[in-house]
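Visitor: need coordinates for the below:
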Amino acid sequence: MDKGPSIFPRSPAMWLSAVLFLAGIVFLGFVPGQSDFGWILAGYIPAFVAYALMLRQSDRAPLPFLLGLAVLARLILFFSFPNLSDDVYRFIWDGRLLIQGYNPFDHLPAYYMEAGQEVPGLTAALFRELNSPEYFTIYPPVAQATFALACWLFPTSIIGSALVMKLFLLACELGTLWLLPRLLRTFGLPAGRALIYALNPLVVVEIMGNLHYEGAMIFFLLLGIYWLQKDRIYAAAVAIALSIAAKLLPLLFLPFLIRRLGWPKSFRFFAVLGGTLLLLFAPLLSGVFLENFGNSLDLYFRKFEFNASVYYVLRWLGYLQKGYNQIAQIGPMLALGTFIGITAMAFRNRSSDWRSFPPLALFAISLYLFFTTTVHPWYVAMPVALCLFTNWRFPVVWSGLILLTYINYSYPEYRENLWIVALEYSLVFAFLIWEFLKRRAPSTTGKEPKS
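Guide: Reported below is the predicted structural model:
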């Protein structure tokens, strides 16, 4: 009796790759700490090799099996503590302020360590875990709402609060895995491309393992794009507003929507988006909100440095010319360059076809990351999500290399290994140039690659 097609692969190589992938993900989620660079590589290299093999052999396994593997990896990491990142402590700090009725944007953390300013739950031990106590918080309202909910449910438990936040991100990631095949089909692309994001070890570990809100930003952005494809303008505006209120980066993509929506729909779309953002930010607005939030953003471009590319070259030239670090001038200059570049892209691209939106968004976020002064590993999750709607794959290469930056935390005193940064960007830019030249070369088949 014919039982129909199996959801399980028959290829031993696919099974071996799946086991190797899961083993690497589990190892990364539960074993190494942030400073254990050797152990991080011991988990990440096998996971990424298995990822690459599964993408190459994806036709040997049913899509439901591989998506199920992606879900399983996320479910397992739901139970891990974010050992590779200490951002969770600032999340909990902000959440504990909110449940006590304080606005986390009003004061620096040190203010609450002073005599007479004590807040329940804001202990000296928690303060010592903060990675940037001298800066105002920078997390927008969707993130802040989950911080507050987590701390309301578990007011004294860091692990309990972290699990609540992870539950939110798990829901977002499951939503993304549900959306991707459907959204790909609306673009006339193979649903199997969803695996590029679904099985990417960087995405799995940094979002579900290390509790980064790129997962929420990506889900709401993709949901908004999906609803735009269905001509549900108002629902799409709300979804994209939620994406911006999770992380601000989707603001970069808004100029590309105007031509595709047309002016009448654009007015309605941006009115709803603006109104939704105002409602989301309203609970956090105070007399000092704009000043302190603006100061945090200003410091991000003028003081923070990590794993940059173009900025590090300009910083080196600045040292040669002036003898000191000119980040206060270079950072804002590069931010302005990003704005000009994205504006030029929006004006030059005259297509109203939605299929041209993902490449524009991909190169907008890539331009931002190439020009900014700080590029943490989880920042690459968005380019990975966008690239599967295009034939560009340099973000996948980048996701395999950027984990090398964890070497910076392995030294007795933190320092940045610029040789690793040079290796990372040399390979990323080399692959990007190769892809560009390959696209310009005359095709011998006239066919686009499938994945």
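Visitor: which SSE is immediately downstream of the worst-scoring helix or strand of the chain on mean pLDDT?
Guide: Here the helix or strand of the chain ranked lowest by mean pLDDT, DSSP states H and E is helix 289-302, holding a mean of 80. For helix 289-302, the succeeding helix or strand toward the C-terminus, using DSSP states H and E, is helix 310-322.
Visitor: chain neighbours aside, what residue packs nearest to Gly318?
Guide: Once flanking residues are discounted, Gly318 sits nearest to Gln326: 3.9 Å by C-beta to C-beta, 6 or more residues apart in numbering. To be clear about C-beta, it is placed using only N, CA and C from the backbone, and glycine gets the same treatment.
Visitor: dihedrals phi and psi, the one you found?
Guide: phi -100, psi 40 (degrees, to the nearest 10).
Visitor: same deal with Arg393?
Guide: phi -130, psi 10.
Visitor: contacts only, for the closest residue to it other than its chain neighbours.
Guide: Distances taken as C-beta to C-beta, 6+ apart put Cys387 closest to Arg393, at 6.2 Å, once the chain neighbours are dropped. Counting by C-beta atoms under 8 Å, 6 or more residues apart in numbering, Cys387 touches 196, 362, 393-396.
Visitor: do Tyr312 as well
Guide: 418, 421.
Visitor: what of Gly33?
Guide: The contact partners of Gly33, taken as C-beta under 8 Å, 6+ apart, are 83-84.
Visitor: hang on, it in a strand?
Guide: No. Using DSSP: H, G, I helix; E, B strand; the rest coil, the assignment for Gly33 is coil, not a strand.
Visitor: next, count neighbours for Ser85.
Guide: 17 (other C-beta atoms under 10 Å).
Visitor: and the helices in the stretch 1-150 of the chain?
Guide: Along the stretch 1-150 of the chain, counting by DSSP state H, counting those that start in this stretch, helices occupy 12-30, 37-56, 63-78, 87-99, 124-129, 141-153.
Visitor: next: the stretch 251-400 of the chain.
Guide: 257-261, 263-281, 289-302, 310-322, 327-348, 357-371, 381-387, 394-401.
Visitor: now do the second one against helix 289-302, angle only.
Guide: On the basis of axes from the mean of the first three to the mean of the last three C-alpha atoms, to 10 degrees, helix 263-281 is oriented at 100 degrees to helix 289-302.
Visitor: which elements pack onto helix 263-281?
Guide: Contact analysis of helix 263-281 by 3 or more C-beta pairs under 8 Å, 6 or more residues apart in numbering; DSSP states H and E lists helix 141-153, helix 233-246, helix 257-261 as its packing neighbours.
Visitor: tell me how far the residue nearest to Gly318 lies from Tyr300.
Guide: 16 Å (C-beta to C-beta, to the nearest Å).
Visitor: now do Ser351
Guide: 33 Å.
Visitor: neighbour count: the two, which is higher?
Guide: Tyr300 (16 against 12).
Visitor: that one and Ile138 touch, don't they?
Guide: Yes. Assessed by C-beta atoms under 8 Å, Tyr300 is found in contact with Ile138 at 7.0 Å.
Visitor: which ones are touching Thr372?
Guide: Counted by C-beta under 8 Å, 6+ apart, Thr372 has contacts 301, 308, 311, 334-335, 338.
Visitor: redo that, cut-off 10 Å
Guide: 300-301, 304, 306-311, 331, 334-335, 338, 379 (C-beta atoms under 10 Å, 6 or more residues apart in numbering).
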